[in-house]
Every structure is written in C-alpha cells, then in structure tokens.
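fold the following and give me the result.
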Amino acid sequence: MSIGRSQFTGTSGQYYVSYGLAVREIHASLTIGNAPSVDIIVASGNGQKSLSIQVKTSRFAYRRCRYGNEGHEWDVGSSAINKCYENLWYAFVDLREKPNGCEWNPEVFFVPSFWVGSFVKENFSRKMYFLPTSADEISKEKWDFVQRYLNNDPEITAWASSWDEKRLIRWGN
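As a prediction, this is how the structure comes out:
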C-alpha cells in the first residue's frame, strides 16, 4: 500500500467517526494532527466532561482466524502500549472495502484504551490490536456509549476501565 493511500484511509476513518458523532448531536472536533494520540475531542454540551478519541482505520479489518479466534485487527503503533486512560478511547473503523474497491459499508468499534494498552505488548513485532467478535456486543456501533460517558453513566465508566475476561484476549500481565 502506498503512503498516500494509507493517509486517505486514516483520514476517511476520522471524518466518518466525526460525522457519526455529529449526526447524533454529540459535540466533536477533529484535531487534524495537532494533538498527539488524539484525533477527535468530544465534549459534553456544558463543557464539564470530555473524551479523547484515537481513530484507527483499516480497509478490511476482519480476520477469520487470528489467535484462534474470529475478529478484527488494526495497527495501533507502539504508543498504545500500557496507555490506559478512562477518558481515552479508540474508534476502530473497518471500511469493509470489497475486493473491487467499489462497495463499502463501514463499521465502528468503540474500545477503551485500557483494552488496547493491556493487549499490545512491547515484544510484538508489529503493534496490532485484535478485537474478537465475542466483544461485538460491547463495542460494535456503540455510539451511545460516547454520550453516556459524557453524562457520567457509571456503567460506561466501569466499561472504560475494566476487562471482560469472557470476551477479550489478553497476553501475559
């Protein structure tokens, strides 16, 4: 993949997530590369609570069998290692591009940085995050989680800082 194509892939994911937030009447601002590790800053209407979102986009993230599981995988880079903050989430975008490149129907998975920082390890040759389909119920298209977090919903605060052993894969401690 050329560098230019990769840049368009990343940018399309950022704009898609921004669009998704805006149509749900959630205040969001793209950082346009001006904030390290944050692509979108989301805030409550009264400005009392904010959420930082790092967007990672893949043209086709689905993996039929990885780590013995079905799921999706994205490149996250080494900055994700041990980065576990309640107010930093990832929006993983799978553009689901068809082989001919003409048809796509994106999916967005909202994932707390706690999950990513706990999964990605220094010894990985390529810093990738794998989200098994068993976690779809708690991550896929959970746009409402953003608003609920901004509204101080204790269930979402707990989700953002915990690990669901039944649904997620963890490597070591």
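
if I pick Arg96, what's in contact with it?
By C-beta atoms under 8 Å, 6 or more residues apart in numbering, the contact list for Arg96 reads 60, 62, 104-107. C-beta here means a position set from N, CA and C on the backbone, and glycine is covered the same way.

just the element for it, please.
Of the helices and strands defined by DSSP states H and E, none includes Arg96.

cool, and Phe109?
Per DSSP H and E: strand 107-112 holds Phe109.

so for whichever helix or strand comes after that strand, mean pLDDT?
Going down the chain from strand 107-112, the next helix or strand is helix 113-119, by DSSP H and E. Taken as a whole, helix 113-119 has an average pLDDT of 94.

can you give me the buried ones in the helix or strand that comes right after helix 113-119?
As assigned by DSSP H and E, the chain's next helix or strand after helix 113-119 is strand 128-132. For strand 128-132, a neighbour-count test (16 or more other C-beta atoms under 10 Å) marks 128-132 as buried.

the inter-axis angle of the helix or strand following strand 128-132 versus strand 107-112?
Next along the chain after strand 128-132, taking DSSP H and E as the criterion, comes helix 143-150. Going by axes from the mean of the first three to the mean of the last three C-alpha atoms, to 10 degrees, helix 143-150 is angled at 30 degrees with respect to strand 107-112.

can you list contacts of helix 143-150?
20-21, 24, 26, 42-44, 49-51, 89, 108, 110, 155-157, 159-160.

how about it: buried residues?
So, applying 16+ other C-beta under 10 Å, buried residues of helix 143-150: 143, 145-150.

lowest-scoring secondary structure element of the protein by mean pLDDT?
helix 3-23 (a mean of 88; mean pLDDT, DSSP states H and E).

show me what that helix is packed up against.
Of the remaining helices and strands, those touching helix 3-23 by 3 or more C-beta pairs under 8 Å, 6 or more residues apart in numbering; DSSP states H and E are strand 27-30, strand 40-43, strand 50-58, strand 88-94, strand 107-112, helix 143-150.
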